[in-house]
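> kindly generate the corresponding structure for this input.
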Amino acid sequence: MARWHDLGPAASFTLPVTPRKAGKVPLAVTRQGERLCVLSGVCNHAGGPLGEGALEGEYLVCPWHAWKYHACTGKGEPGFEADAVPAYASRVEDGRLLVDLDSATPRTRAPHPKHPLARPVERAPGPVRVLGLSTTAMDLAHPRYSTSDALLEVATGFAASSLGAETRTLRLAELRFRHCEGYYSKSARACTWPCSITQMDPEDQLDRLYEGFVHWADVLLVATPIRWGAASSLYYKAIERMNCIQNQITIANRVLLRNKIAAFIVTGGQDNVQAVVGQMMTFFGEIGCQFPQFPFVAHSRGWSAEDMERNVEHVRESEELREGVRMLAARAVHAAQVLLGHEAEAPHSIARGGRKAHHLLVEGGGPGGDPP
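I've put the predicted structure just below:
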């Protein structure tokens, strides 16, 4: 028997898509000219609100991840017809739009292979793995010397040659990836793991960062220049996309990063080292990382040092800075060994060289630029 429900005056449905509820059932009412159709208001993919979507031709587009359904039949777009949402019989009577809740067509979901990043997080046996992340934004076509990238190379090289670690380096400037597009701001559930953009766009290359951070590395060595008192713009562009990692903790009680160490290399011609590192430590702590003792090495000649060629020259020639990042790598690898349960004697003493060599190397004047 039909169970008709009054959705209101038919003339009130003036928009291409209008959300409505019939009791507790969420619906999406679509208008194409004079034709009104009623679909389920819940998307198959992640439960997105179809009633807040938009029409593209004959298809209703989910506002969360752009899955498409025929506005009247509920079937998926061509090639995905088996992904269908319920469609309801409806009619206009005495100027009112009525829907039959017992007439729903079946909701069907075609099998979709899981994204490779969605596999269980299981550490494979082997030595400590160190992933270097360079966030400097240099012109790849006309490469120049980067102080943060150069010191990162020293640290990862030392980890491989002297600490027995496996190493990889990712340079964000070499990856083509989209900005975070605010799926979390639509709904926490719209920000998925893997990232919504990664799932939708096979050309987006941030999957390499996710693979390294979540599935491969034990140690994350992050290097950044200081730009106007903050980390590089590429650093922020990447970590905004990493909200999907932290979001799994809050909405699914799923911790993706376990037993991972994060350490930092910060260089620049400006001050604000402590603020830059403070933000980085807060973020990486919130996504599940631990830190070694004295978790960063930094270099700055101060706000008034405008002769940047001297800054580059100093970093090129400074053995103290090189020793500092080598010991940073040693402390990070040692901490990872402890977390992984196979602590071994560190090949180099982490105490050698004193606090200045291992923690903070700051030269020059300016507010906050005095040596510790």
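> right, and R35 touches C72 too?
Yes - counting by C-beta atoms under 8 Å, R35 does reach C72; the two are 7.4 Å apart. C-beta here means a position set from N, CA and C on the backbone, and glycine is covered the same way.
> compare these two (neighbour count), which wins?
Set side by side, R35 and C72 show more neighbours around C72, with 17 against 9, by other C-beta atoms under 10 Å.
> mind checking how far the residue nearest to the more buried one when sequence neighbours are not counted is from P86?
Computed as C-beta to C-beta, 6 or more residues apart in numbering, the closest residue to C72 that is not its neighbour in sequence is C37, at 3.9 Å. Between C37 and P86 the distance is 12 Å, computed by C-beta to C-beta, to the nearest Å.
> would the residue nearest to C72 count as being in a strand?
Yes - according to DSSP: H, G, I helix; E, B strand; the rest coil, C37 belongs to a strand.
> return the helix or strand in this protein with minimum mean pLDDT.
In the chain, the helix or strand scored least confidently by mean pLDDT, DSSP states H and E is helix 354-358, which has a mean of 37.
> who's in contact with the spatially most central residue of the chain?
Nearest to the geometric centre of the chain sits M242, at 1.8 Å (C-alpha atoms, centre = their mean). Counting by C-beta atoms under 8 Å, 6 or more residues apart in numbering, M242 touches 209-210, 213, 283, 287.
> these: which two are farthest apart?
The span of the contacts of M242, defined through C-beta to C-beta, is set by Y210 and F283 at 15.4 Å.
> who's more crowded, the two?
Y210 (22 against 19).
> doesn't C195 make contact with the more buried one?
Yes - counting by C-beta under 8 Å, Y210 does reach C195; the two are 7.1 Å apart.
> please name the residues that touch G74.
39-40, 84-87, 105.
> from those, which is closest to R178?
V85 (27.2 Å).
> neighbours around that closest one, how many?
27.
> rewinding a little: mutual contacts of Y210 and C195, please.
Shared contacts of Y210 and C195 (C-beta under 8 Å, 6+ apart): none.
> how near is the nearest residue to I226 once chain neighbours are set aside to A298?
Spatial nearest neighbour of I226, chain neighbours left out: G268 (2.8 Å); criterion: C-beta to C-beta, 6+ apart. To A298, G268 is 8 Å away according to C-beta to C-beta.
> give the residue spans of this protein that score low on pLDDT.
Along the chain, segments meeting pLDDT under 70 span 1, 269-270, 302-306, 308, 342-372.
> in it, which spans are helices?
Shown for the chain, the helices assigned by DSSP state H span residues 147-162, 183-186, 196-200, 207-210, 233-241, 243-252, 273-286, 308-317, 319-340, 354-358.
> now distance to L101 too, for those helices, in TSV please.
Output for those, formatted as TSV (distance: least, C-beta to C-beta, whole Å):
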stretch	distance to L101
helix 147-162	60
helix 183-186	27
helix 196-200	31
helix 207-210	42
helix 233-241	40
helix 243-252	30
helix 273-286	44
helix 308-317	69
helix 319-340	54
helix 354-358	68
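> strands of the chain, start to end?
Assigned by DSSP state E, the chain shows strands spanning 4-9, 17-22, 25-32, 35-40, 54-56, 59-61, 68-70, 87-93, 96-100, 129-134, 166-171, 219-225, 261-268, 296-300.
> surely M200 and C62 touch.
No - contact criterion C-beta under 8 Å: M200 and C62 do not qualify, at 11.3 Å.
> what about these two, which has more around it?
The neighbour comparison of M200 against C62 (other C-beta under 10 Å) goes to C62, with 24 against 15.
> can I assume the more buried one is in contact with V42?
No - assessed by C-beta under 8 Å, C62 is found out of contact with V42, at 9.6 Å.
> anything in contact with each of those two?
Between them, C62 and V42 share these contacting residues under C-beta under 8 Å, 6+ apart: 48-50.
> rewinding a little: can I get the contacts of M242 in CSV including distance to M327?
Output for those, formatted as CSV (distance: C-beta to C-beta, whole Å):
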residue, distance to M327
L209, 26
Y210, 29
F213, 23
F283, 24
I287, 25
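> of all those residues, which comes closest to A10?
For those, the nearest to A10 is Y210 (47.7 Å; C-beta to C-beta).
> let me know the distance separating the residue sitting furthest away from the middle of the chain from S12.
Ranked by distance from the centre of the chain (C-alpha atoms, centre = their mean), the top residue is D94, with 51.9 Å. Separation of D94 from S12 (C-beta to C-beta): 14 Å.
> what do you get for V273?
For V273, the distance to S12 equals 59 Å [C-beta to C-beta].
> shared neighbours, M200 and C62?
The contact sets of M200 and C62 do not overlap (C-beta under 8 Å, 6+ apart).
> these two touch, right, D207 and P194?
Yes - D207 lies in contact with P194 (C-beta under 8 Å); the separation is 7.0 Å.
> shared neighbours, those two?
L117.
> could you single out the nearest of the contacts of M242 to H334?
For these, the nearest to H334 is F213 (20.3 Å; C-beta to C-beta).
> identify the bridge partners of the closest residue to that closest one other than its chain neighbours.
Distances taken as C-beta to C-beta, 6+ apart put L220 closest to F213, at 6.4 Å, once the chain neighbours are dropped. Beta-bridge pairing for L220 (DSSP bridges): L131, A262.
> quick one: A28 from D6, how far?
Counting by C-beta to C-beta, the gap from A28 to D6 is 17 Å.
> more neighbours, these two?
A28 (26 against 12).
> so who does the more buried one touch?
Counted by C-beta under 8 Å, 6+ apart, A28 has contacts 17-20, 38-41, 50-51, 53, 60.
> so it versus A82, what's the distance?
Computed as C-beta to C-beta, the A28 to A82 distance reads 20 Å.
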